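Colleague: Below is the sequence, then the predicted model.
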Amino acid sequence: MKPTPDSHLGTFLRARRAQLDPRECGLPETDSARRVTGLRREEVAQLAAISVDYYTRLEQGRVRASAPVLATLARALHLDDDQQQYLYELAGRTDNRPHRRRPAQRVRPAMRRLLDQLTQTPALVLGKRLDILAWNPAAIALYTDFAAVPADRRNYVNLLFSNPVVRELHLGWEHDARDAVAGLRMEAAADPVDPDLARLVGELSVQDADFRTWWAEHRVSSAGYGTKRYRHRLVGELTLDCDTWASPDGSGQRLMVLTAEPGSPSHDALRILTSWTAERTEPTDQRA
């Protein structure tokens with residue numbers, strides 16, 4: 001029987017996963033003996049945030065890979081540029097192959113001016129993939145010192161799941177984290193072959209079982225407002241309204257602002273919190 005293009009793809013996937021060391025892929029050590037060299041099918045599926053059944057059928061040539069799946073598989077299997085090109089050619093999707101370089105995200109001047117004028121309330125500029133592009137001193141006072149976070153880790157969803165200070169700050173962490181995952185799903189729909197998004201999803205899927213579960217649910221949300229409850233280590237509990245405004249230029253940038261009801265305990269606590277840091281910290285942004 002003549003091999004089909006899908007069978008060639010399956011052969012390549014099997015060969016590539018056999019070449020990888022589970023430890024180098026960030027997978028935890030296990031006591032069970034390995035019956036295969038390299039990664040198991042379920043481990044590749046876990047890294048790629050897809051079901052084991054779907055990946056199995058992909059290797060067996062019984063299903064055609066979509067462009068988003070190819071993007072996340074390329075990251076999960078640590079493919080270099082030539083291997084990525086070969087993967088997309090085998091799948092018959094060369095026109096959908098991710099660009100090797102994408103322009104760096106830059107804060108729009110208008111967003112920068114708006115942020116600079118917000119001195120009494122926490123505010124962030126979020127970009128694609130919910131990357132944190134800029135922040136004001138009040139946001140540092142509430143969340144964390146964003147400048148101390150490596151630029152490639154400075155992402156709202158990543159901090160919610162992997163930063164202990166940010167995670168413990170949220171009284172309703174599960175609710176807020178699930179909303180953030182749903183928002184990230186919307187980002188994936190807008191740019192399904194974004195390699196940076198594939199990397200983020202893959203890393204969080206390996207590190208956190210909740211993220212892996214919620215990502216697989218395919219829940220989406222574009223809500224631009226809501227209420228968040230925090231327990232801050234310095235001023236106690238805060239109930240804040242969270243609103244986001246999208247830039248009209250199509251850049252995907254959004255201004256996220258957190259405010260409290262005037263005269264409320266949260267309003268007084270927020271004023272105290274921001275006054276402690278406003279004079280010591282300048283607004284800044286990511287220039288990477």
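Modeller: Looks like it came in fine.
Colleague: Any chance of the backbone angles for Ala209?
Modeller: Main-chain torsions, Ala209, degrees, to the nearest 10: phi -70, psi -30.
Colleague: what secondary structure does the closest residue to Ser264 other than its chain neighbours sit in?
Modeller: Spatial nearest neighbour of Ser264, excluding adjacent residues (C-beta to C-beta, 6 or more residues apart in numbering): Thr239 at 7.5 Å. C-betas here are computed from N, CA, C, even on glycine. With DSSP: H, G, I helix; E, B strand; the rest coil as the basis, Thr239 sits in strand.
Colleague: Tell me who's in contact with Thr239.
Modeller: Each residue near Thr239 by C-beta atoms under 8 Å, 6 or more residues apart in numbering is listed here: Thr227, Lys228, Arg229, Tyr230, Ala260, Glu261, Ser264, Ser266.
Colleague: closest to Thr244 among those residues?
Modeller: For these, the minimum distance to Thr244 (C-beta to C-beta) is 11.9 Å, reached by Lys228.
Colleague: is it true that that closest one touches Leu258?
Modeller: Yes: Lys228 lies in contact with Leu258 (C-beta atoms under 8 Å); the separation is 7.0 Å.
Colleague: So for these two, which sits in the more crowded spot?
Modeller: Neighbours were counted for Lys228 and for Leu258 using other C-beta atoms under 10 Å; Leu258 has more, 23 against 17.
Colleague: thinking the more buried one is in contact with His232, fair?
Modeller: No: using C-beta under 8 Å as the test, Leu258 is too far from His232 to be in contact (11.9 Å).
Colleague: what residues do those two have in common as contacts?
Modeller: With C-beta under 8 Å, 6+ apart as the test, Leu258 and His232 both reach Leu142.
Colleague: Generate a PyMOL selection restricted to the buried entries among the contacts of Thr239.
Modeller: Buried members of those, defined by 16 or more other C-beta atoms under 10 Å, are picked up in PyMOL with:
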select buried, resi 228+229+230+260+266
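Colleague: Make sure I have this right: Thr244 is in a strand.
Modeller: Yes: looking at Thr244 with three-state DSSP, it is inside a strand.
Colleague: Could you find the closest non-adjacent residue to Asp21?
Modeller: Asp21 sits nearest to Gly38 (C-beta to C-beta, 6+ apart), 7.4 Å away.
Colleague: Can you tell me the SS state at that neighbour?
Modeller: Secondary structure, three-state DSSP: Gly38 is coil.
Colleague: Could you report the neighbour count for it?
Modeller: There are 18 residues near Gly38, going by other C-beta under 10 Å.
Colleague: In strands, which of the contacts of Thr239 fall?
Modeller: Thr227, Lys228, Arg229, Tyr230 (DSSP state E).
Colleague: any chance of those in CSV, with pLDDT and distance to Met186 too?
Modeller: Listed next are those as CSV, based on pLDDT from 0 to 100; distance: C-beta to C-beta, whole Å:
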residue, pLDDT, distance to Met186
Thr227, 95, 20
Lys228, 96, 19
Arg229, 97, 23
Tyr230, 97, 24
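Colleague: So which of the residues you listed is the closest to Thr56?
Modeller: Distances from Thr56 to these, taken by C-beta to C-beta, are shortest for Lys228, at 40.3 Å.
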